[in-house]
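Participant: Okay, here's the prediction I keep looking at, along with the sequence it came from:
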Amino acid sequence: MEETVAIGPLEDLRLSISRQPGTTLFSIVVNAFGSCAHGMPPQWRRAVREAAPPTAAATMQALLTASYPWAPDSLALASAVGAGTATTIADELDGIDADLMAGEVEKRFRGTVPAPWRPVVDRPREFLATYRTLAASVWDAFAPLWRRADTLLAREVERVGVATVTGSLSAVINDLGTSVQYADGRLRLPHPCPPSATGLVRRRLVLVPLASGFGACAYSAEGPELIWLGYPLPGLGRLTNDAEETRPPTGKDRLDLVLGPVRAALLRHARRRPSVSEAAERAHITVSTATYHCGRLAQSGLLRRLRHGREVRLHLTEDGAALLDLLD
């Protein structure tokens, strides 16, 4: 069941981007010990599982394999995403209040707490000690990769900044690689929120790049002041190859920066209404790769794919043409 949350027009949106490591850490924990696949590379998952104390891992596995795609912000280490200054993992773990965490769980489930969450409510301090042990061990194993992601994070801050000042945020938000979409002043979320969260407007939106996996997605719309949205850090594949230096792609203009070089090239070629195979040839990519990226551009409202006889041709939408005029 989907939910929509009002945030108003993007030109009036208060938006920021967070480089806090806590949300990435929680996404790693969910991926390694839960049932939600965030696209973590297998070698990362193995390293994380080997580093985790078995008893703590079993405790979190029982919680995270439940059919409840939710966690309180305190447990998700997301309490600092709206802060203007960076915090360390140690600070975030030390800052979790056991009673506040238990209260968040009780409020979410309105007094009928599911069995997997009962230990969090009944023995919050014991549970929190176990969680801190697990999280600290996992982060010790993952921290070198997080440090290598610093260049990618800096480039993502730049990309979002360019999109903000050029009025192209819609293309960025709708192409984050998550199931969250923006249209007509509202965010469409894949899971329902508490009724108290859906009527609030003009909250700040915080984008949170996650360096945990190619399918990472997390969000919270429950806070009174902001909504945060976690998504896969662009360029994450560079971290999976130890021999490859982590550096930004070579795209030099604003359209490349906002969309990425491949999608920027496809959008430019769409001016000529090419077939998908023609666009693939001009962009020097395979047809299957072009089909995937054209699909993402279509989901973002920048392209239409229309059949002409036996061919599928690419047509710019009004938004796509406007974005080209603005950035190219």
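Facilitator: Done, it's in. These numbers come from a predicted model, not from an experiment.
Participant: Could I get the full set of strands for this protein?
Facilitator: For the chain, the strands defined by DSSP state E cover 3-6, 15-17, 181-183, 186-189, 204-210, 218-220, 226-232, 303-308, 311-316.
Participant: For those strands, give me CSV that also has distance to N174 and mean pLDDT.
Facilitator: Glycine gets a C-beta too; all of them are placed from N, C-alpha and C. Below are the strands of the chain laid out as CSV (distance: least, Cβ to Cβ, whole Å; pLDDT from 0 to 100):
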stretch, distance to N174, mean pLDDT
strand 3-6, 14, 81
strand 15-17, 14, 92
strand 181-183, 5, 88
strand 186-189, 10, 85
strand 204-210, 13, 93
strand 218-220, 14, 87
strand 226-232, 11, 92
strand 303-308, 12, 88
strand 311-316, 16, 89
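Participant: which stretch among those strands comes nearest G260?
Facilitator: Between G260 and those, the tightest spacing by Cβ to Cβ is seen for strand 226-232, at 12.6 Å.
Participant: Which elements pack onto that closest one?
Facilitator: Applying 3 or more Cβ pairs under 8 Å, 6 or more residues apart in numbering; DSSP states H and E, one finds that strand 226-232 contacts helix 22-33, strand 204-210, strand 218-220.
Participant: most packed of these?
Facilitator: A comparison of the helices and strands packed on strand 226-232 by mean neighbour count, using mean count of other Cβ atoms under 10 Å, puts helix 22-33 on top with a mean of 26.
Participant: circling back: could you dump the helices and strands packed on strand 226-232 to CSV with distance to P119?
Facilitator: Below are these laid out as CSV (distance: least, Cβ to Cβ, whole Å):
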stretch, distance to P119
helix 22-33, 15
strand 204-210, 26
strand 218-220, 22
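Participant: about what we covered before: compare the strands of the chain and give me the one nearest F33.
Facilitator: Per Cβ to Cβ, nearest to F33 of the strands of the chain: strand 218-220, 15.1 Å.
Participant: so how far is that closest one off the chain centroid?
Facilitator: 8 Å (Cα atoms, centre = their mean, to the nearest Å).
Participant: and that strand, which strands flank it?
Facilitator: If you go by DSSP bridges, strand 218-220 pairs up with strand 226-232 (antiparallel).
Participant: follow-up on the earlier one: how about the strands of the chain in TSV, adding distance to L100?
Facilitator: Below are the strands of the chain laid out as TSV (distance: least, Cβ to Cβ, whole Å):
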stretch	distance to L100
strand 3-6	23
strand 15-17	24
strand 181-183	31
strand 186-189	24
strand 204-210	20
strand 218-220	15
strand 226-232	17
strand 303-308	46
strand 311-316	50
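Participant: which stretch among the ones you listed comes nearest T130?
Facilitator: strand 218-220 (21.3 Å).
Participant: hey, which helix or strand in the chain has the poorest pLDDT?
Facilitator: Every helix and strand of the chain was ranked by mean pLDDT, DSSP states H and E. The lowest is helix 195-198, at a mean of 61.
Participant: rewinding a little: so which of the strands of the chain is nearest R49?
Facilitator: Going by Cβ to Cβ, the one of the strands of the chain nearest R49 is strand 204-210, 18.8 Å.
Participant: Show me what stretch 130-143 is in contact with.
Facilitator: 21, 24-26, 28-29, 32, 44, 47-48, 50-53, 55-57, 59-60, 75, 77, 89-90, 93, 96 (Cβ atoms under 8 Å, 6 or more residues apart in numbering).
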